[in-house]
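Colleague: Can you look at this prediction? I've put the sequence above it.
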Amino acid sequence: MKRLPRQFFARPTKLVARELLGKVLVRKIGNKKLSGMIVETEAYVGPHDLACHASKGKTERTKVMFESAGTWYIYFIYGMYHCLNIVTEAKDYPSAVLIRALEPLENIESSTNGPAKLCRALKIDRRLNSTSAISKSSKLYIEDREIAIPKNKIISAKRIGVDYAGKWKNKPLRFYIKENKFVSKR
C-alpha cells in the first residue's frame, strides 16, 4: 500500500482519470480509516474544456485548480453537496479529475455512487480544499494497492451533468469499471 506521488497526478488528466480506477481513496478521521476503491471518474482537461470550472478563468473558487498536481479541489454545489477533485498536470494549468464513485472497502456504511454521496460518506467538505493528497500528514489521500483493472473492463463515456458545455458535453471523459454496482446509473 503506497500513497500515489505527485508524479502520478502531474500527467495528462485523461490518463490520470483512467488510471485512478482501481486505486483506493483513504480518509483518516482520528484513529479511524475509511477507504474505497475508485470505480468512476471524470476528467476536466483545462481552460479550453467548457465543462471545466477554470474555463472562465482564475477565480476565488477555481484558484486551487492552478496549484500543483496532487492538491484537492473540493467545491460546494446546489447549496448542499460537496464534490471531490484532484488537481492534475502542471502548476498553473487548471485541470482536475472528479472522483464520482467508490466501492466501499473499510468503514464506509452509506452509498458512494455519486460525488455528493461519496463526500458525505467520507465526511469530506471544503475544510480539505487546497490541501495536499501527497503529504505524509494528509488526512485524505490515494493509495495504490495493486488492484489491476483489465482494460476491457474500463468504459469511457460522456460526462454527467455538463449539458451547458457545448461540444465538450459529449467528449468521452468519464471513466468507470464495467458492471460495477457502485457506478452512477446514467
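Modeller: It's in.
Colleague: ok, which stretches of the protein are helices?
Modeller: Ranges of helices in the chain, per DSSP state H, are 6-9, 13-19, 115-121.
Colleague: Please tabulate these in a markdown table, including the columns mean neighbour count and mean pLDDT.
Modeller: Glycine gets a C-beta too; all of them are placed from N, C-alpha and C. Below are the helices of the chain laid out as a markdown table (neighbours: other C-beta atoms under 10 Å; pLDDT from 0 to 100):
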| stretch | mean neighbour count | mean pLDDT |
| --- | --- | --- |
| helix 6-9 | 17 | 98 |
| helix 13-19 | 21 | 98 |
| helix 115-121 | 21 | 94 |
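Colleague: and of those helices, who's closest to Pro104?
Modeller: helix 115-121 (7.7 Å; C-beta to C-beta).
Colleague: export the closest one as CSV, just CAs?
Modeller: This file holds the C-alpha atoms of helix 115-121, laid out as CSV (Å, rounded to 0.1, in the frame of the first residue of the first chain):
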residue,chain,number,x,y,z
PRO,A,115,-19.8,12.6,-5.9
ALA,A,116,-22.1,14.1,-3.3
LYS,A,117,-22.8,10.7,-1.6
LEU,A,118,-19.1,9.9,-1.7
CYS,A,119,-18.2,13.1,0.1
ARG,A,120,-21.0,12.6,2.6
ALA,A,121,-19.9,9.0,3.4
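Colleague: So what touches it?
Modeller: Applying C-beta atoms under 8 Å, 6 or more residues apart in numbering, the external contacts of helix 115-121 come out as 34, 36, 74, 77, 80-84, 98-102, 104, 108-112, 124-125.
Colleague: how about 6 Å then?
Modeller: For helix 115-121, contacts defined as C-beta atoms under 6 Å, 6 or more residues apart in numbering pick out Tyr81, His82, Cys83, Leu84, Arg100, Leu102, Ile108, Ser110, Ser111, Thr112.
Colleague: From the chain's centroid, how far away is it?
Modeller: Averaged C-alpha coordinates place helix 115-121 at 11 Å from its chain's average position (C-alpha atoms, centre = their mean, to the nearest Å).
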